[in-house]
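Q: pasting the structure only:
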C-alpha cells in the first residue's frame, strides 16, 4: 500500500555511498472498499393470520331490537360490515376463521334495560350476518357492553361543553353505580345533557366488528411478485425475502421488494434493516438513516450503521459500530473495525 523509491550508489570497490529514500505514494491514498451490505432473512410465519375491524352505527327504533335496513342511515352502516366481510370472503386465497361483534348501548336509561338492549340488538346483527353468508355459526360470535361509558369519557375529554370537566369527573367515577352517574349528569347539568343526548349518545350506540382470517402461503417468487403488485398485505416478510432473492441485487425491482416490505411492516426491525440496505445500495443515504432508526439493536443493525458511516466518510463512527457488531457476535465486523480504524489513523497522521 506504499510505494517507496530507494537510491544507493556504489563505487568500483563496492563501497556504499549514501542511502536515499522517497515515499512516492503514501498509505493515506489507500481507500478501503465499502463493506458488503447485509440482508437478513426474516422469521417465517407458521400461519398468516390477519384481521380487519371497524365500527357500524346501526339505528334501532326506541326500545326495539329488530333491524330495519332502510331505517335512518342503516343501509350505509350495514354496508360497512358487508363490505369488510366481502373483501376477504371473495378471495380464494383467504379463509375466514372468526367474526366477532360487540354491541354498545348509551348511558341513557337504566343499566338493566341497556344490558338487554345491547345484548339483543347485537344478537340480531349476528343473525343478519348468518342469513347473508353461509358461515359456520360457531365462528360468528358476539358480546355486549351495556353502556358505552368509555366512549363518553373520550368524547368529554375533547368536548367544549361549559361543564365538560365536571361531567367528566362524574363519568370517570367507576365506584359509583352507572345509573347514579347518569342521574347526576342529567340533574346538575341539564343543558349540557341535552347536547350530549343529541350529539354523542347516538354515536355511543354502536357495534364494533372484527373479521379474522388466514391467508395461504406462497413459495413461487413469480407468484409472490404478482401478488405484491396488487395485494402486498397478503404477503409475509419471509415471502418478500424469497422474492427479493430471485432478483438481481441492487436492481430497481430488487429495491422495490424491500421498500414495499418495509411499508407493509413499518415497525418490523428486519424489514427496516433490509430496506436500509436497499437504500444504501442505491445511494439514498437519507432514507437509510430513517430506516436504520427503526432497525433495532442487533449485530446486523449495528454493522449496517457502520456501513452507512463509511459511506458518509465518518470512519471513526464506522469503527465504533463495527466493534459493537463484533461484540454481539458478527465475526466479519471485527475485520472491518480493524481496517477502518487503521485507515482513520492514517488520515489523522497525514
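A: Noted; the coordinates are in hand. Since we're looking at a predicted model, the values are computed, not measured. Residues are numbered from 1 along each chain as shown.
Q: So which residues of the stretch 101-250 of the chain form helices?
A: Along the stretch 101-250 of the chain, the stretches classed as helices by DSSP state H, counting those that start in this stretch are 111-132, 149-158, 164-171, 178-188, 190-199, 201-204, 221-230, 237-245.
Q: Out of these, flag the one nearest residue 74.
A: Residue 74 sits nearest to helix 111-132 of all those, at 10.4 Å, using CB to CB. Where C-beta positions appear, they are placed from N, C-alpha and C, glycine not excepted.
Q: Show residues contacting the closest one.
A: With contact meaning CB atoms under 8 Å, 6 or more residues apart in numbering, helix 111-132 is reached by 58, 60, 63, 65-67, 78, 81-82, 85, 99, 101-109, 135, 137, 140-147, 177-179, 207.
Q: Could you rerun that using 6 Å?
A: Residues from elsewhere that reach helix 111-132, judged by CB atoms under 6 Å, 6 or more residues apart in numbering: 60, 65, 67, 101, 103, 105, 137, 140, 142, 144, 146-147, 178-179, 207.
Q: one step back: single out the most deeply packed of the helices of the stretch 101-250 of the chain.
A: Of all those, helix 237-245 carries the top mean neighbour count, a mean of 22, counting by mean count of other CB atoms under 10 Å.
Q: returning to that earlier point: would you turn the helices of the stretch 101-250 of the chain into a markdown table with distance to residue 327 and mean pLDDT?
A: Conversion of the helices of the stretch 101-250 of the chain to a markdown table gives the following (distance: least, CB to CB, whole Å; pLDDT from 0 to 100):
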| stretch | distance to residue 327 | mean pLDDT |
| --- | --- | --- |
| helix 111-132 | 56 | 97 |
| helix 149-158 | 47 | 97 |
| helix 164-171 | 52 | 97 |
| helix 178-188 | 57 | 97 |
| helix 190-199 | 59 | 96 |
| helix 201-204 | 55 | 94 |
| helix 221-230 | 36 | 98 |
| helix 237-245 | 27 | 97 |
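Q: export these to CSV and tack on distance to residue 313?
A: Output for these, formatted as CSV (distance: least, CB to CB, whole Å):
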stretch, distance to residue 313
helix 111-132, 61
helix 149-158, 49
helix 164-171, 56
helix 178-188, 65
helix 190-199, 60
helix 201-204, 57
helix 221-230, 35
helix 237-245, 29
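Q: do you know which of these lies nearest residue 73?
A: Residue 73 sits nearest to helix 201-204 of all the helices of the stretch 101-250 of the chain, at 10.2 Å, using CB to CB.
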